[in-house]
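In: A predicted structure for the sequence below; I have some questions about it.
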Protein chains: 2
Amino acid sequence: MNPCKSETSLRYPSRLGKCVPPSVRLDPVVWGAATPGPLDRQQVDQFDRDGFLVVEGWIPFDEVVEWRREAERMRADPRQELVYEKGSQLVRTIFKVDRNTSYFARIARDGRLLGLAEQLLGGPVYVHQSRINFKSALKGGDFWWHSDFEIWHTEDGMPAMRALSVSVLLDASTQLNGPMLFIPGSHRTFVPCTGSTPDMNYKQELQTQDYTAPDNEPLADLIRSRGIVPATGEPGTLVVSDCNTMHGSAANMSPWPRSILFYCYNSIHNTLPERPPLGTPPRPDFLAHRDYAPLSIEDGDR
Amino acid sequence: MNPCKSETSLRYPSRLGKCVPPSVRLDPVVWGAATPGPLDRQQVDQFDRDGFLVVEGWIPFDEVVEWRREAERMRADPRQELVYEKGSQLVRTIFKVDRNTSYFARIARDGRLLGLAEQLLGGPVYVHQSRINFKSALKGGDFWWHSDFEIWHTEDGMPAMRALSVSVLLDASTQLNGPMLFIPGSHRTFVPCTGSTPDMNYKQELQTQDYTAPDNEPLADLIRSRGIVPATGEPGTLVVSDCNTMHGSAANMSPWPRSILFYCYNSIHNTLPERPPLGTPPRPDFLAHRDYAPLSIEDGDR
């Protein structure tokens, strides 16, 4: 009997026990090579190869300063979906910003962001999750290495790797303030997590990562062969990452805050099943939206 | 009544409540400008200015590989003074290596290390604390910003800033594997910690730092004006730091381990009182040696 035999209906096995090997990606990275959009050919190719893309100056400085000001306002608003730093009153994340505020609902439909999601995913998309991560000065904790898709696949049942995160730096991200770190090319390997998933796991995982930690051996192999690239840049820098690109960030040991706006777009052909595949209850909608209406570009910026 | 009035006999007030301002350093940095030793004039001046000094190639590679091999052996030896990573069986630190092993007792007396401690501290020294820190691949957690002297002054009663750490990188230290981070020039300011110190504090502080976290405002001021410098280098690199230089390190998110050998030398004119000043019991001797016999250089390397 093969102890590695998969005992799940997941296309990409994970959280099943000790013996699950990494899976090769079964899905395309760029779903719409011929879909028009704001990225040029070279940028699309780079995203396809690396699993992420960093473009400085995507949003003009004046504009992104306004976005940050709005984010700061929401941070003090108890009606928002707030997650705090562990053992602290400091806001770590605001979720559901595309649904709870008209301000960030509009930006979710901005052609410069939505347009490139449609371009790379080959057609209409909706927002699976949105958030603003604040990595506070001299406080903000780390995010351990993870693939978003590993979580969305096992905890939400997202079927295929046809989703991506479009993020915009609201503060300068430097080597010193805990920038997002990517492993280039890691999006082509699905690294499983060993542990099983307790009910309500999401509550603690939003503060520190235990169950969603990928297995060390394949993670180390990926870094040894591919390296680590920090996504640094001025406010307004665009960072796009495939849903399966391995990423994380260290703590912010600097006095410079590092906030980032994220929209996780998913193809309308890749919606969630009614019940998650591993028997856990569906996660709340601020983590996994279940309104699949496709978004339309609302401005004509690009 | 001045709410900031100091209520302690400490020369550098700390852990007394909310209102303690930073202190200006009362002690010299280089105590023996005329003392001969392995550092040249320029290196001594640099240490005086920055509060730390990094010199590549101080210990030849062949030799440091032997040191690391010995450190790895000790790591698996339950007779050693071992501290583990939080919630893990992974050794984070081995203490008292200069007393518990003849191997590292000899190296503590090596002219290349002991000689420069005598040179900078102006005369005979003993080892106040020694340790090997292992920042394990894909595991090793962070050390928050701290001044060693803040701890030694409040918890051990060390009177003056007449101590320093001589460390040797046993692995390559890079931007990616959680290198030591220094704030240049921070050794001239004593940044207090606000919290009081519970008994037996040291047990948890060796895993995560709560009570020894310096106040954020003066820490942020220091970093804004002075910046952060990582101490990177190949195995065998020397890192000397004044006891009051603010330093820390982020987690190791790479598959490359980062181990460092430390000897904290203290002047024999700066020994500890019988009772710590804040009423806590004396810390165990693996954290604060109370055998003050001066060391003698045992080899003739320099």
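Out: Arrived safely.
In: buried ones in the longest helix anywhere in chain A?
Out: In chain A, with assignment by DSSP state H, the single longest helix is helix A:61-75. By 16 or more other C-beta atoms under 10 Å in any protein chain shown, the buried positions in helix A:61-75 come out as A:64, A:67-68, A:70-71, A:74-75. Backbone N, C-alpha and C define where each C-beta goes, glycine included.
In: what about the helices in the stretch 1-150 of chain A?
Out: A:41-50, A:61-75, A:97-100, A:102-108, A:111-121, A:148-151 (DSSP state H, counting those that start in this stretch).
In: and of the buried residues of helix A:61-75, the nearest to chain B?
Out: The closest of those to chain B turns out to be A:Arg75 (C-beta to the nearest C-beta; 17.7 Å).
In: so which helix or strand of chain A has the lowest pLDDT on average?
Out: Lowest by mean pLDDT, DSSP states H and E among the helices and strands of chain A is helix A:201-205, with a mean of 62.
In: next secondary structure after that helix?
Out: Next along the chain after helix A:201-205, taking DSSP states H and E as the criterion, comes helix A:216-226.
In: centre of the chain to that next one, how far?
Out: 20 Å (C-alpha atoms, centre = their mean, to the nearest Å).
In: can I have that helix written out in CSV, keeping just the CAs?
Out: C-alpha atoms of helix A:216-226 as CSV (Å, rounded to 0.1, in the frame of the first residue of the first chain):
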residue,chain,number,x,y,z
ASN,A,216,9.9,22.8,5.1
GLU,A,217,11.6,20.5,2.7
PRO,A,218,9.9,21.5,-0.6
LEU,A,219,9.9,25.2,0.6
ALA,A,220,13.7,25.1,1.2
ASP,A,221,14.2,23.4,-2.2
LEU,A,222,12.2,26.2,-3.9
ILE,A,223,14.2,29.0,-2.2
ARG,A,224,17.6,27.3,-2.8
SER,A,225,16.9,27.0,-6.5
ARG,A,226,14.9,30.2,-7.1
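In: where does pLDDT dip in the stretch 1-150 of chain A?
Out: Where the stretch 1-150 of chain A drops to pLDDT under 70, the residues are A:1-8, A:17-19.
In: one more time with 90
Out: A:1-10, A:15-21, A:32-36, A:78-79, A:84-92, A:135-143 (pLDDT under 90).
In: still on that earlier bit, now the buried residues of helix A:61-75 as CSV including distance to B:Ile59?
Out: Shown next, in CSV, are these (distance: C-beta to C-beta, whole Å):
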residue, distance to B:Ile59
A:Val64, 48
A:Trp67, 51
A:Arg68, 47
A:Glu70, 54
A:Ala71, 49
A:Met74, 53
A:Arg75, 49
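In: quick check: A:Arg106 vs chain B, distance?
Out: The gap separating A:Arg106 from chain B is 34 Å, by C-beta to the nearest C-beta, to the nearest Å.
In: what does A:Asn270 give?
Out: Applying C-beta to the nearest C-beta to A:Asn270 and chain B gives a distance of 30 Å.
In: do the same with A:Phe286
Out: Taking C-beta to the nearest C-beta, one finds A:Phe286 at 27 Å from chain B.
In: burial measure for that residue, as a count.
Out: Using other C-beta atoms under 10 Å in any protein chain shown, A:Phe286 has 20 neighbouring residues.
In: that one reaches A:Val97, doesn't it?
Out: No. Using C-beta atoms under 8 Å, A:Phe286 is not in contact with A:Val97, being 9.7 Å away.
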